[in-house]
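> sequence and computational prediction follow.
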Amino acid sequence: MRFTNHCLFQSLDMSHNNISSIGRYFFSPVEMTLSELYFRFNSLHNASKDVFGHLPGLTHLDLSANQIQVIDFDSFRTTTRLQVSSSR
């Protein structure tokens, strides 16, 4: 999936897609507008600062039913009102 340079996504649901990794700049085109992100029931192993560290408007992140083993210390450094769901 590729986003154009002028996307205004506020919510993105990538659940149930067997995703095991997310590229470093995947969210770049929507990083200023994205507020809700759902990655339920995938195969993610980490939450990297390179992926999630540039989403200042993110208020809800659902990583439930993944295999998260590592969360970088400053993965969510630019978010101020984030709610994270990561139950197994």
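All right, it came through fine.
> right, and L63 touches L44 too?
Yes - if you go by CB atoms under 8 Å, L63 and L44 touch, sitting 6.5 Å apart. Just so you know, the C-beta spots here come from the backbone N, C-alpha and C atoms, and that holds for glycine as well.
> helices or strands up against the helix-or-strand element of the chain with minimal mean pLDDT?
One helix or strand of the chain scores below all others by mean pLDDT, DSSP states H and E: strand 83-85, with a mean of 77. With contacts taken as 3 or more CB pairs under 8 Å, 6 or more residues apart in numbering; DSSP states H and E, strand 83-85 sits against strand 60-62.
> may I see the buried residues of stretch 52-72?
Neighbour counts over stretch 52-72 (16 or more other CB atoms under 10 Å) mark 52-58, 61-66, 71 as buried.
> show me the residues you listed that map onto strands.
Members of the buried residues of stretch 52-72 lying in strands (criterion: DSSP state E): L61, D62, I71.
> which one among those residues gets closest to T80?
Among those, L61 lies closest to T80 (CB to CB), at 13.3 Å.
> the closest one and S75 touch, don't they?
No - using CB under 8 Å, L61 is not in contact with S75, being 9.7 Å away.
> list residues touching both of those two?
F52 (CB atoms under 8 Å, 6 or more residues apart in numbering).
> now do the strands in this structure.
So, for the chain - with DSSP E - the strands run 11-13, 36-38, 46-47, 60-62, 70-71, 83-85.
> alright, I will stop here.
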